[in-house]
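Student: Give me a 3D structure for the following:
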Amino acid sequence: METGDGSETERGKRSVVSPPPFLPPFPFSPAPKQPTTKHKTTMADLADEAASLDGYFSDAPLEPEPKYPPLNESFDRCVVITNLPKVPEAKYEKLSKVVLKLVSRIGPLANYEGSDFSGFFMPFDKEAGSTVGCAFIEYETAGDAKKAIEVLEEYKFDKNHSLHVLPQDRASHLADVEEEEFKQPEPEPFKERPNTMSWLEDSCQRDQFAIRQGKETAVYWNDGREEPVLDYDGAREKEAGVAWCEYYVQWSPKGSYFATLVPNRGVILWGGEKFQKLQRFAAPGVDFVVFSPQENYMMTNNNNRNDPHAIKIFSIQTGKCLRAFPLYPKDFLDEKLSEQEKSNIPPPPFQWSHDDKYLARMGKDLISIFETPTMKLLDKRSLACDGICEFQFSPKDNIIAYWAPEHKNQPAHVDLIELPSRKSLRQKNLFNVTKCSLVWQENGEYLGVKVTRHTKSKKTLYNNLELFRVNEPGIPVEMLDVKDAVMAFSWEPQGSRFAIIHAENPTSTKVNVTFYDMFRMSEPEKKKGKKKSSGKELVAEVNKVETLEGKQCNCIFWSPAGRTIILAALGDSASGTLEFYDVDNKSLVIKEHYRANQVLWDPSGRTLATTVSQPIGGGHFKFAMDNGFIIWSFQGKQISQQSFETFYQFQWRPREKLFNNEEIAEVSKNLKKYEKQFNAFDEAKKRKLRLEETRGKRKSRSEFRATLARLKEIRANMKQERMALLDGYDSEDESNFTTREVTIETIVSSKEELVY
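Tutor: Coordinates of the predicted model:
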């Protein structure tokens, strides 16, 4: 540093030199002026410059150790897409744009600064003059790559190409596999599966049912006449020290499989004559299961709101989990609601189509429809249904019925949608609607909609029924006004009749039950010049059949065979009255099962069961003395009754309906032809039971007769010895006896009467 008098210190000698041109000037001094004259640099100048820079460099040795980012040797962010169309160079750019647009929907692709690679590469074979049919994709995250494999696998790129997607690691492994001659693997030895329909071969045409009581699970035979007979109660598992059921049970829709729930292990399927174990499905915490109508798939649910895989769809044949879903669809619950309010909203259930082709669930303003077995959205999009509140699949056709309340200046409406075309078959607009309930007839011929309406002030509610004739052209709709409040609505399974429970006040103890028919008998019109026909015609018009007044019931249950209906008063506060009513003959039988909470018809309609049950895990312990079931005939005759301290479940084994209505009518017409055959079978069965009951008596009688014959033989062999002891007297010789007849008359009573 320079002093005021022009002297220099030792320190100033180092600092007075101006910094070189490539270094910034000192912040506290003005920038030095650069010389304008040019001169040749000499070695001495360089030495002086080096000496002047001595204070700017560290004395530490230079050992550079650059810190490079860790090398990622995995390819978890990369996927390979195969089965792409092979196109010439002229179409290369167009195909690249289409594929790039498709894969970019999954997530952002990798991007490297200073490199031309943008996360997408589709190789081109110059010798062949076309692409090779594959593409390499790299995403920013491994999660997007995994999602791409799930979403794009079997994606229909065009009518001739379905994409196949696999991880890069898997593709590299396949590339290293040596090519060699294919050798047919040895097939596994054939193992015959149990016949899951063997129970239908029962010679007595009996039905089966399963019960859960205490820690026991048992399956019984029922013939509708005698006490149920035990078929299987898990004896094989008891000997092995394992439980074959710890929760509820469920039969498949055709009765082929018997599912038992063991929450710690999942769901176990049983079948065959001896209930062999068929398969186990991993579903921890399972709460209930639902089979598809054709028994191809099974859905499990653990009711865990925090589990993203709460609902699982399994293939029954392979045991593979096809897809998993959370308990609630995305955006179904309003985020503004509190946790308590959210817990009060039940999750929307999944529903199967009748042929197992579709699985659907309601979301917010939409219905998500998934195709089997891929479990991907139909046409890659959901069905838009603004404000939807409920939907139901037709039992016999791929038709969805749903209703939505007033929404965005649109009236409430009921819609019928055909799948997979999404064509709207019918729409019915409704006004001043509070609530709707959809009820399909078992054959899918009719759809009933119970509509609860309100007045303009919304203080008064009233009901009406909208009845859709689904199989008729244009699907006509009839409206049936009901002045009273409708508490229950039910179709006859195989017919055109339906019944409703109604009363002026919904809380009334005395109600009316009215029967209607979708057809009425009409006299044919007489035409000029022609004779009047003697027959009657069926007219498609809702017809009131009859009304039963002053009944004490809150539920109605049609027999699966039709004709017979049960008017039941169920629940803790009800009387348990059961009224067996024959709609054709107008006959009525009244019975009672105190505190009954279920009425269950068997598949044939011959018998039904009423139960008093409690949920597994607690509740209804104060009714322990009433827990159990009663089996009745369809005419109201009690067949069997059993009581248990804890009774959880009663379930009939379903059976597939083999006859249509025409064949059933033909059998009914020729019933006398089969009557003798059935009577002979019943007599043979009674004789067999009678012989079984008297087997012990007949055995004792045979033993007595054998003993008597042996004693007679011994006596006969001792005859000579006996005569010798009696001096030749033979006590068995009739000539040694004198026969004398004596008649004795005894007057038992006498009575005198005076005759005038």
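
Student: drop to CA atoms for contacts and neighbour counts, all remaining ones
Tutor: Will do.

Student: Give me the phi and psi for residue 737.
Tutor: The main-chain torsion angles of residue 737 are listed as degrees, to the nearest 10 and equal phi -120, psi 150.

Student: What separation is there between it and residue 730?
Tutor: 11 Å (Cα to Cα, to the nearest Å).

Student: These two: which has the busier surroundings?
Tutor: The residue with the greater number of neighbours, taking residue 737 and residue 730 and applying other Cα atoms under 10 Å, is residue 730; the counts read 15 against 9.

Student: quick one, what contacts that one?
Tutor: Residues touching residue 730, when contacts are defined by Cα atoms under 8 Å, 6 or more residues apart in numbering, comprise 723, 736.

Student: at 7 Å instead, please
Tutor: Counting by Cα atoms under 7 Å, 6 or more residues apart in numbering, residue 730 touches residue 723.

Student: got a pLDDT number for it?
Tutor: Looking at residue 730, its pLDDT reads 84.

Student: Could you measure from it over to residue 709?
Tutor: Taken as Cα to Cα, the span from residue 730 to residue 709 is 21 Å.

Student: what's the answer for residue 314, then?
Tutor: Applying Cα to Cα, one obtains 71 Å for the distance of residue 314 from residue 709.

Student: who has more neighbours, those two?
Tutor: Relative neighbour count places residue 314 above the other of residue 314 and residue 709, with 21 against 12, counting by other Cα under 10 Å.

Student: residues touching the closest residue to that one other than its chain neighbours, list them.
Tutor: Nearest non-adjacent residue to residue 314, counting by Cα to Cα, 6 or more residues apart in numbering: residue 321, 4.4 Å away. The neighbours of residue 321, taking Cα under 7 Å, 6+ apart as the test, are 312, 313, 314, 315.

Student: out of those residues, which one sits closest to residue 626?
Tutor: The nearest member of these to residue 626, counting by Cα to Cα, is residue 312 at 37.0 Å.

Student: quick one, what contacts that closest one?
Tutor: For residue 312, the contact set (Cα under 7 Å, 6+ apart) comprises 299, 300, 301, 321, 323, 324, 325.

Student: Dump those residues into a markdown table; add distance to residue 169 as well.
Tutor: A markdown table is the format used below for the contacts of residue 312 (distance: Cα to Cα, whole Å):
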| residue | distance to residue 169 |
| --- | --- |
| 299 | 33 |
| 300 | 33 |
| 301 | 34 |
| 321 | 24 |
| 323 | 24 |
| 324 | 25 |
| 325 | 28 |
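
Student: which of those residues tops the neighbour count?
Tutor: Across the contacts of residue 312, neighbour numbers were computed from other Cα under 10 Å; residue 300 holds the maximum, 25 neighbours.

Student: Touching, that residue and residue 292? I think so.
Tutor: No. Counting by Cα atoms under 7 Å, no contact exists between residue 300 and residue 292, whose distance comes to 11.4 Å.

Student: pLDDT below threshold where in the stretch 551-700 of the chain?
Tutor: Screening the stretch 551-700 of the chain residue by residue with the criterion pLDDT under 70, one finds the ranges 618-624.

Student: how about the helices in it?
Tutor: Taking DSSP state H, counting those that start in this stretch to define them, one finds helices in the stretch 551-700 of the chain at 661-669, 671-693, 695-717.

Student: do the stretch 151-300 of the chain as well
Tutor: 168-176, 235-240.

Student: ok, and what's touching the first one?
Tutor: Read it as helix 168-176. So helix 168-176 is contacted by 75, 78, 79, 80 (Cα under 7 Å, 6+ apart).

Student: Among those, which ones are in strands?
Tutor: For the contacts of helix 168-176, membership in strands holds for 78, 79, 80, with DSSP state E as the criterion.

Student: what's the neighbour count on the first one?
Tutor: Residues near residue 78, counting by other Cα under 10 Å, number 25.
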